[in-house]
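Q: Okay, predicted coordinates and the sequence, questions at the end:
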Amino acid sequence: MERVQLGKSGIEVSRLCLGTMTWGSQNTEAEGHAQADLALDHGVTFWDTAEMYPTNPVRAETVGDTETIIGTWLAQRGGRARLQIATKISGAGQQAVRGGAPITGASLRAAVEDSLRRLQTDYIDLYQLHWPNRGSYHFRQSWRYAPRVTDRAEVEAHMLDVLRAAADLMAEGKIRAIGLSNESTWGAALWLHLAQVHDLPRMVSVQNEYSLLCRQFDTDWCELSMVEDMPLLAFSPLAAGLLSGKYAGDVVPVGTRRSFTPDLGGRITPQVFPAVAAYLGIAATHGLDPCQMAIAFCLSRPFPCIPIIGATSTAQLMPNLGAADVFLSEDVLADIAIAHRLHPMPY
């Protein structure tokens, strides 16, 4: 597995990242451990989780269980230094986590301590803010998005509080780097500006949704990512399984994510299945596995991009791991460009 630098963090990670958000809901501990073993066997050492996980659905009684499963794997297998572990603190509004309390410097420290305990480790490689307190246009919220910022000074004070807490945690060796998730370009630019002016830790990456069906990153974010060397950790590169084709014809296979979340978080629309059909057709025409094509597309982008591949079984995970070795020809990319123009924003 090729390895790449995580922006300006000085941390080297695998070209693909293992997503774990189903461990503890759709997957048992043993199944999570099996996926971890398989990923590591194929050189995927970069793993992503969150204090909120597992999902589908998020429940107060299961919050933190995914980190706990990773922790038991580490306790059994050892070799913490082999891995680069990323986790996240939940932003304001998620009632299952700390009653929906916002991110502050104090809550950042408390959440890090809790994650370290569940993960059974002394340090976290990348600690991310799951979404900003001020709100976000991600997760289909763009259709009604209206920024809520009324006082820039208040936002800056919050960011400085968080960055100072992060600086202390880094000095203590509890986190190695800090990053963003579900953030806007304005927010990211302000985080970077404040870090530079006040000599505080720099946000090194951003984890936003990106796939053939969700390409919000292709404009302003692309520029910021490339100029500032802030890699995208692309979550849902298979669009919650839509790009695998398993939901084609609007079916709901038993045990799939859609059987737990029927609208796939707002991704099921009248426009989505024609778009999926177009991409499945491109894969078939060029003799490609559709999942591998979708993940390889993320790897082909001009901005630094590390796809987060998740699965509910080792059988699903195996072909996704192979995407790291798939190269998309100019003909494939040209066909994808045509399909994107015909189906620009299917959800």
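A: In hand now; what should we look at?
Q: what sits against residue 191?
A: Under the criterion of Cβ atoms under 8 Å, 6 or more residues apart in numbering, the neighbours of residue 191 are 159, 163, 180, 183, 203. Placement of C-beta: from N, CA and C, glycine included.
Q: who touches residue 209 in this structure?
A: 138-139, 182, 216, 234-236.
Q: ok, and the most crowded of the residues you listed?
A: For those, neighbours were counted by other Cβ atoms under 10 Å; the highest total belongs to residue 234, with 26 neighbours.
Q: So what does residue 105 have for phi and psi?
A: Phi and psi for residue 105, reported as degrees, to the nearest 10, are phi -60, psi -40.
Q: That one: how many residues sit nearby?
A: Under the criterion other Cβ under 10 Å, the count of neighbours that residue 105 has is 18.
Q: quick one: it and residue 159 touch, right?
A: No: between residue 105 and residue 159 no contact is recorded; they are 10.1 Å apart, counting by Cβ atoms under 8 Å.
Q: before we move on, the earlier item: may I see the contacts of residue 209 organised as TSV, with pLDDT, secondary structure and distance to residue 62 added?
A: As requested, those are exported to TSV (pLDDT from 0 to 100; DSSP: H, G, I helix; E, B strand; the rest coil; distance: Cβ to Cβ, whole Å):
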residue	pLDDT	secondary structure	distance to residue 62
138	96	coil	23
139	94	coil	20
182	98	coil	21
216	97	helix	29
234	99	strand	25
235	98	strand	19
236	98	coil	20
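Q: pLDDT wise, what is the spatially closest residue to residue 234 that is not a sequence neighbour at?
A: Excluding the flanking residues, the one nearest residue 234 by Cβ to Cβ, 6 or more residues apart in numbering is residue 210, at 3.8 Å. In this prediction, residue 210 carries a pLDDT score of 98.
Q: Can you pull up the most central residue in this protein?
A: Closest residue to the average C-alpha location of the chain: residue 235 at 3.7 Å, with Cα atoms, centre = their mean.
Q: Pull the residues that contact the helix or strand of the chain with the lowest mean pLDDT.
A: Here the helix or strand of the chain ranked lowest by mean pLDDT, DSSP states H and E is helix 257-260, holding a mean of 93. With contact meaning Cβ under 8 Å, 6+ apart, helix 257-260 is reached by 22, 25-26, 56-57, 240-241, 247, 252-253, 264, 268, 312.
Q: let's see it at 10 Å
A: Surrounding helix 257-260, the residues in contact under the criterion Cβ atoms under 10 Å, 6 or more residues apart in numbering are 22, 25-26, 55-57, 240-242, 246-247, 250-253, 264-265, 267-268, 310, 312.
Q: And the helices in the chain, which stretches?
A: 29-41, 65-77, 105-119, 152-171, 185-198, 220-228, 257-260, 272-285, 290-299, 314-321, 330-342 (DSSP state H).
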